[in-house]
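Visitor: below is the sequence, then the predicted model.
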Amino acid sequence: MTATKSTYNKEDIWELISEVTDPEIPVLTIVDLGIARDVEYKDGTFVIRITPTYSGCPAMQAIEKEIEKKLRLNGIDNFEIKTDFSETWTTDWMTEDAKKRLKEYGIAPPGKTEKVDNFLKSLESSGDHVPCPYCDSENTEIQSEFGSTACKAQYYCRDCNEPFEHFKCI
């Protein structure tokens, strides 16, 4: 799309925001992660609804600025970005392609979550057997509940001797 296009529709906006990458994991977009939830056209304004991965996520301000920048660079000024806390973000919103790219990037992707009731169980059981993204070994151990960001944990593979992060199931 070029800045000279005068009429945009919801699909165009989705296409544009699907180019906005996560500032903490640059191989994934906000659409890949499921952060971008909806685009509506209401009363002459595009309303982009985003949901943070968790309520205190420091990347959300940067994400909003990147969405704004992307839209304005394409001549779109009639938009509003709404941060929506009505749904709790879950790693189940991530696309399968996103999980594959995480692994290729060296971050062990999250598994599938069950219900909220099983959330604590999944955290407890995920501790020792997160497959290494480099060699697929399950001979791994947790080093820290927190990696470079709060949504990742730091692990170590005993087989290939590589440290790696695991994107936690939420």
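Guide: All right, it came through fine.

Visitor: okay, now the unreliable bits of this protein?
Guide: The chain contains residues with pLDDT under 70 at 1-6, 114-128.

Visitor: show me where the chain has helices.
Guide: 10-17, 59-73, 96-105, 119-125 (DSSP state H).

Visitor: ok, the closest residue to I170 other than its chain neighbours - contacts?
Guide: Among residues not flanking I170 along the chain, T91 sits closest, at 5.3 Å (CB to CB, 6 or more residues apart in numbering). Any C-beta I mention is one placed from the backbone N, CA and C, and that applies to glycine too. Neighbour list for T91: P110, T113, F167, K168, C169, I170 [criterion: CB atoms under 8 Å, 6 or more residues apart in numbering].

Visitor: distance to I25 and neighbour count for these - can I get that in CSV?
Guide: Output for the contacts of T91, formatted as CSV (distance: CB to CB, whole Å; neighbours: other CB atoms under 10 Å):
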residue, distance to I25, neighbour count
P110, 12, 22
T113, 19, 14
F167, 8, 26
K168, 13, 21
C169, 16, 20
I170, 14, 17
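
Visitor: and those, which two are the farthest apart?
Guide: Greatest spatial distance in the contacts of T91: T113 and F167, 12.0 Å, computed using CB to CB.

Visitor: out of the contacts of T91, who's nearest E19?
Guide: Using CB to CB, the contacts of T91 come closest to E19 at F167, 21.4 Å.

Visitor: can I assume the closest one is in contact with A108?
Guide: Yes. Counting by CB atoms under 8 Å, F167 touches A108, with 6.9 Å between them.

Visitor: so what sits against both of the two?
Guide: L102.

Visitor: per-domain residue ranges of the chain.
Guide: By the assignment in automatic domain parsing, the chain contains the domains 10-83, 105-167.

Visitor: OK, contacts around L71?
Guide: For L71, the contacting residues are I13, L16, I17, F46, D77, F79, by CB under 8 Å, 6+ apart.

Visitor: let me fix that, I meant to ask about I67.
Guide: I17, V20, I30, I48, I50, I81.

Visitor: I'd say the fifth one and G34 touch.
Guide: What that stands for is I50. No. Contact status for I50 versus G34: not in contact, 9.9 Å apart, counting by CB under 8 Å.

Visitor: out of these two, which sits in the more crowded spot?
Guide: I50 (21 against 18; other CB atoms under 10 Å).

Visitor: next one: the more buried one from I67, what distance?
Guide: Applying CB to CB, to the nearest Å, the value for I50 to I67 is 8 Å.

Visitor: distance between the ends of stretch 150-170?
Guide: Stretch 150-170 stretches 11 Å from its first residue to its last (CA to CA, to the nearest Å).
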